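1. next one to model:
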Amino acid sequence: MKDLRQDYIKGELIEDNISHDPFTQFRRWFTDALNSKILEPNVMILSSIDGYKPDSRIVLLKDLRKDEFVFFTNYNSHKGQQLKNNPNCSLLFPWVELERQVIVRGKATIISSEESENYFKSRPITSQIGAWASSQSRPIKSRLDLDNQLKEAEQNFKSNPLNRPPHWGGFAVAPYQIEFWQGRPNRLHDRILFTLENKSWAVSRLQP
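-> You can find the predicted model right below:
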C-alpha cells in the first residue's frame, strides 16, 4: 500500500472561478459528475453518531433543494435512530474519477409525510415492497428467511394497498459548512470552505 501513488492533475479550484453560493457550486460539480458518466454520481457517504461512536454508510442523494440535501431511509434503521437522537451529521461525495470530493456538515431533520409519500409512489414496485419486507438493521437468521419475508410481502400486496410504511421516509440535511476539495499536484490540493454565518456564506481557503 505504501507504494501506491497518484498525482492529481485534472483540475483546479481558484477563488476567481467559483460561485459565492455553495449550492450553485455544488450543482456545477454535480453536473460535471453526470456528464463524466460516473457510476451513481449521487452516491454520498453519510456519517452519523451512535452515542459517542461515529458510524458511516453509503446512501443516495435524491433531492437538492435551495438549502438542503435530501435522502430516504428506514427511520428504524441504525442511521435513522442515530439521526433522531443526534441530528448532527456529514455527507461526503467521493467523485474520485474527477479527483474531487465535497464534504457537507449539517443537521438532519425528517421531511414532511406528504413529500415522503410522493417519493415513495415514484419508486419501482419492487422497491416499495422491499421497504415492507425488511426490518432494516435488525438481525436475521439467514438469507432464506429474508427471501421468505419478501415472498410474504409480495403475496400480501396482491390483495392489499401498497402504501408507504410509517417507518420509511426522508431526511433533509441543512448544512452549516460545505467544503470543496480538488486534487492538485504534489499533494498541494485546493480546499475551499463555505461556512454559514448570520444567514450568509463566508468563503475561506484551507491549507491541504
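
2. can you pull up the most central residue in this protein?
-> Nearest to the mean C-alpha position of the chain, by Cα atoms, centre = their mean, lies Met44 at 4.0 Å.

3. I'd assumed it was in a strand, is it?
-> Yes. The assignment for Met44 (DSSP: H, G, I helix; E, B strand; the rest coil) places it in a strand.

4. ok, it - contacts?
-> 58-61, 69, 71, 91-93, 104 (Cβ atoms under 8 Å, 6 or more residues apart in numbering). Backbone N, C-alpha and C define where each C-beta goes, glycine included.

5. residue contacts, His20?
-> So His20 contacts 201, 203 (Cβ under 8 Å, 6+ apart).

6. repeat the analysis, applying 10 Å as the threshold.
-> For His20, the contact set (Cβ atoms under 10 Å, 6 or more residues apart in numbering) comprises 194, 200-203.

7. assumed it was part of a strand.
-> No. Assessed with three-state DSSP, His20 is coil; it does not lie in a strand.

8. look up phi and psi at it.
-> phi -80, psi 0 (degrees, to the nearest 10).

9. in three-state terms, label the residue lying closest to Gly106 once chain neighbours are set aside for me.
-> Leaving aside its sequence neighbours, Gly106 sits nearest to Pro175 (Cβ to Cβ, 6 or more residues apart in numbering; 3.7 Å). With three-state DSSP as the basis, Pro175 sits in strand.

10. on that earlier part again, just the buried residues of the contacts of His20.
-> 194, 201 (16 or more other Cβ atoms under 10 Å).

11. format the contacts of His20 as a markdown table; extra columns: distance to Lys2, pLDDT and secondary structure.
-> Putting the contacts of His20 into a markdown table (distance: Cβ to Cβ, whole Å; pLDDT from 0 to 100; DSSP: H, G, I helix; E, B strand; the rest coil) gives the following:
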| residue | distance to Lys2 | pLDDT | secondary structure |
| --- | --- | --- | --- |
| Phe194 | 34 | 98 | strand |
| Ser200 | 44 | 96 | strand |
| Trp201 | 39 | 97 | strand |
| Ala202 | 38 | 97 | strand |
| Val203 | 36 | 97 | strand |
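
12. hey, what's the residue nearest to the centre of the chain bridged with?
-> Beta-bridge pairing of Met44 under DSSP bridges involves Val59.

13. pLDDT at it, what is it?
-> You'll see Met44 listed with a pLDDT of 98.

14. just to revisit the earlier point, and the contacts of Met44 as TSV, adding neighbour count, distance to Glu115 and pLDDT?
-> Converted to TSV, the contacts of Met44 look like this (neighbours: other Cβ atoms under 10 Å; distance: Cβ to Cβ, whole Å; pLDDT from 0 to 100):
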residue	neighbour count	distance to Glu115	pLDDT
Ile58	11	22	98
Val59	16	17	98
Leu60	13	16	98
Leu61	19	15	98
Phe69	25	14	98
Phe71	20	12	98
Leu91	21	19	98
Leu92	18	24	98
Phe93	22	22	98
Val104	24	20	98
